[in-house]
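A.B. asks: predicted model and sequence follow; I will ask about them next.
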Amino acid sequence: MSGPDTGRTHARMLRVSTLALLLEGGVALAVGVVTGRDGGPEAWEYDGGGLFLPSLPLVTALWALGAFAVSALLVLPVVLLGEDLGRRLGGRPLWWHLALSALAGALLAPFAGLRGWLVAWAALSVAALLTRPARQGWFVSLLVWGALAVVGVFMAGGVFLHVTG
């Protein structure tokens, strides 16, 4: 008796990882809008001309392509290698995933310094840990709860800006 494959496949893992990175980007965007570069809220002045809205699909596609590339080149190898090292050398795969994510995040250290390494480590770790249970139905659950998290961060930031400003 053969039915649909409900287990974890590389394609499912790649979709979940890409979605996780895009959701992390949404949360980072929300936090960046609220706090701004210097710790204060952004000025909300728009001087970009008429190309802002027409460029959104292109920017979104480029971010999705970047998230897909990072998923394929970093997150999937971290997940698969972490599980393999956990089987061969012992220990929980979780610790291997965190260590390998730190190592992969160190690729940004020469370009972004310690802060960039910490951000890359956190982003890769979260994406790897969310990718591990990528079974059938996990993508939709992550999409719903992740979108709610992004909207919640935007709403909390809006309330914070309204109350303080």
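C.D. replies: Everything's here; your move.
A.B. asks: so, low pLDDT: which residues of the protein?
C.D. replies: In the predicted model, the chain carries pLDDT under 70 at residues 1-6, 37-53.
A.B. asks: nearest the geometric middle of it, what residue?
C.D. replies: Leu21 (2.1 Å; CA atoms, centre = their mean).
A.B. asks: what's the helix or strand harbouring Gly105 in contact with?
C.D. replies: Element membership for Gly105 (DSSP states H and E) is helix 93-105. Contacts to helix 93-105, defined as CB atoms under 8 Å, 6 or more residues apart in numbering, come from residues 74, 77-79, 81-83, 85-86, 117-125, 128-129, 132. Heads up, the C-betas are built off the backbone N, CA and C, glycines and all.
A.B. asks: excluding sequence neighbours, find me the nearest residue to Gly157.
C.D. replies: Nearest residue to Gly157 in three dimensions, chain neighbours excluded: Val34, at 3.4 Å (CB to CB, 6 or more residues apart in numbering).
A.B. asks: next up, the contacts around Leu142.
C.D. replies: Contact analysis of Leu142 by CB under 8 Å, 6+ apart lists Val16, Leu19, Ala20, Leu23, Leu130.
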